[in-house]
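Peer 1: okay, here's the prediction I keep looking at, along with the sequence it came from:
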Amino acid sequence: MSDNPLTTLASRGEDQQSATYEAGCHCGYVKFAVTLAPPLPEHQVVQCNCSACVRFGYLLVYPEAKDVVWHNNGRARCANYQFNTKQLDQMFCPKCGASLGIDLRERMTPHRYAISARAFYGLDLDELTYKKVDGREKAVPAGDHSGHCWDEEKQEMK
Ligand SMILES: [Zn+2]
């Protein structure tokens, strides 16, 4: 089905197909593998209009943590940014700045990540199936939070 050498197809229960994608930042300091069921391009990729998704360029998939394998302790290598409720880490490479996704540890049980499909190696953006989400209006608490996290007087994050 796929001749992309970076993915491997496997069969899950009830013939649910899955595929594992190698992924990482731009410079290679943070690397990981993500298993998705169903595989791309059938998998729905969330394109959200909230201030974070727009700024960081996220195109998100939501694997369980067990389906994300961090290479070389990659999760600990990430730089993290929190805003708004300060419960979720937006994950970045501290070397090249690539945005990788969101750690939903405090939000979802079982633990899931929101991983940006843009981090997948060899990705063809035109082959993805997109699900548009109105996060700017419907995520709680809603609103545009961009540009309000840095306290200029205290010289620190609010
Ligand atoms: Zn990097």
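Peer 2: Thanks, I have it. What you see is a predicted model; the values in this text were computed from it and never measured.

Peer 1: grab the longest strand from this structure for me.
Peer 2: Longest strand of the chain, by residue count under DSSP state E: strand 17-24.

Peer 1: moving C-terminal of that one, what's the next helix or strand?
Peer 2: Of the helices and strands lying after strand 17-24 in sequence (DSSP states H and E), the nearest is strand 31-36.

Peer 1: any chance you could map the helices in the protein?
Peer 2: Using DSSP state H, the helices of the chain run over 51-56, 74-77, 135-138.

Peer 1: residues from this protein in reach of the ion?
Peer 2: Contact residues (C-beta under 5 Å from the ion) of the chain with the ion: C25, C27, Y29, C93, K95, C96. Every residue, glycine included, has its C-beta placed from N, CA and C.

Peer 1: is the spatially most central residue of the chain bridged to anything, and to what?
Peer 2: Note on the chain: the residue nearest the mean C-alpha position is I115, at 1.8 Å, using C-alpha atoms, centre = their mean. Counting by DSSP bridges, I115 is bridged to V61, G101.

Peer 1: how close does it sit to the ion?
Peer 2: Here the criterion is C-beta to the ion, to the nearest Å. By it, I115 lies 15 Å from the ion.

Peer 1: who are the neighbours in contact with that residue?
Peer 2: Contact partners of I115, counting by C-beta atoms under 8 Å, 6 or more residues apart in numbering, are A23, V34, L60, V61, Y62, P63, V68, L100, G101.

Peer 1: now the longest strand of the chain: how far from the chain's centre is it?
Peer 2: 13 Å (C-alpha atoms, centre = their mean, to the nearest Å).

Peer 1: packing partners of that strand?
Peer 2: Where contact means 3 or more C-beta pairs under 8 Å, 6 or more residues apart in numbering; DSSP states H and E, strand 17-24 is packed against strand 7-11, strand 31-36.

Peer 1: try 10 Å this time
Peer 2: In terms of contact count using 3 or more C-beta pairs under 10 Å, 6 or more residues apart in numbering; DSSP states H and E, strand 17-24 is assigned the packing partners strand 7-11, strand 31-36, strand 68-71, strand 99-103, strand 113-116.
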